[in-house]
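> Next comes the sequence, and after it the predicted model I'd like to discuss.
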Amino acid sequence: MVKFLFQITAELENLTDLQPQDGCDDPNFSYLFKLKCERCGEVSQRETCVSLNETVPLPVGKGTANLIQKCKFCERDGMIMMHPGRGKPLTQETSEARQFAPLMMFECRGYEPVDYVFGGGWKAKSLSGTNFENIDLSAGEFVEYDEKGEYPVMISNLQAAFVVSS
């Protein structure tokens, strides 16, 4: 099995700590991405949804996975298991350094995650301490005004990457 560390970066203006709504290990947060079959190389046409709170029993042996899916082209089974505990919010310092923040580890067999799709369910904090919750990033950006700090806040230039990890 190959492990992929899912990472994000963005330009944060007057914001810090961008992460899923209930933290990096939020069991209800849905990760949406396309899957590439390791056998035939076909990329799924629709996004696959994976979350920590959804598990299915392994077809052989004991244990569970967060996703078991059959490739529509070569009919090979693939699975994904999520491993929480490695995630960190994207801070303003990390953003300014143009670095990525790790969010989740995916252990994959038969599939490779590609093309992450940003959606709703994010949160961030302004530099004045105002919390912005249930942020929807599906438009590729977030723009708001911080009344307490009296300045605009913005998330833009979102990027995601799956990096092979050990």
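Now that the structure is in, tell me what you want to look at.
> which ones are touching the most centrally placed residue in the chain?
For the chain, residue 31 is the residue whose C-alpha lies nearest the centre (C-alpha atoms, centre = their mean; 5.0 Å). Neighbour list for residue 31: 6, 49, 50, 51, 104, 106, 116 [criterion: C-beta atoms under 8 Å, 6 or more residues apart in numbering]. To be clear about C-beta, it is placed using only N, CA and C from the backbone, and glycine gets the same treatment.
> how about the strands in the protein?
With DSSP state E as the criterion, the chain has strands at 2-13, 15-20, 31-37, 48-50, 56-57, 64-65, 67-70, 77-83, 101-109, 111-117, 122-126, 131-135, 142-146, 151-165.
> angle of the longest one against strand 142-146?
It stands for strand 151-165. 140 degrees (axes from the mean of the first three to the mean of the last three C-alpha atoms, to 10 degrees).
> In PDB, list the C-alpha atoms belonging to strand 151-165.
Once non-C-alpha atoms are left out, strand 151-165 reads as follows in PDB (Å, rounded to 0.1, in the frame of the first residue of the first chain):
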ATOM      1  CA  TYR A 151     -10.200  45.000   7.700                       C
ATOM      2  CA  PRO A 152     -11.000  42.600   4.800                       C
ATOM      3  CA  VAL A 153     -10.100  38.900   5.100                       C
ATOM      4  CA  MET A 154      -9.500  36.700   2.100                       C
ATOM      5  CA  ILE A 155      -8.500  33.200   1.100                       C
ATOM      6  CA  SER A 156      -7.300  32.900  -2.600                       C
ATOM      7  CA  ASN A 157      -5.000  30.800  -4.800                       C
ATOM      8  CA  LEU A 158      -6.000  27.500  -3.200                       C
ATOM      9  CA  GLN A 159      -3.800  24.600  -4.100                       C
ATOM     10  CA  ALA A 160      -3.900  20.900  -3.000                       C
ATOM     11  CA  ALA A 161      -1.400  18.100  -3.400                       C
ATOM     12  CA  PHE A 162      -1.100  14.400  -2.600                       C
ATOM     13  CA  VAL A 163       2.500  13.600  -1.700                       C
ATOM     14  CA  VAL A 164       3.800  10.100  -1.400                       C
ATOM     15  CA  SER A 165       4.900   9.500   2.200                       C
END
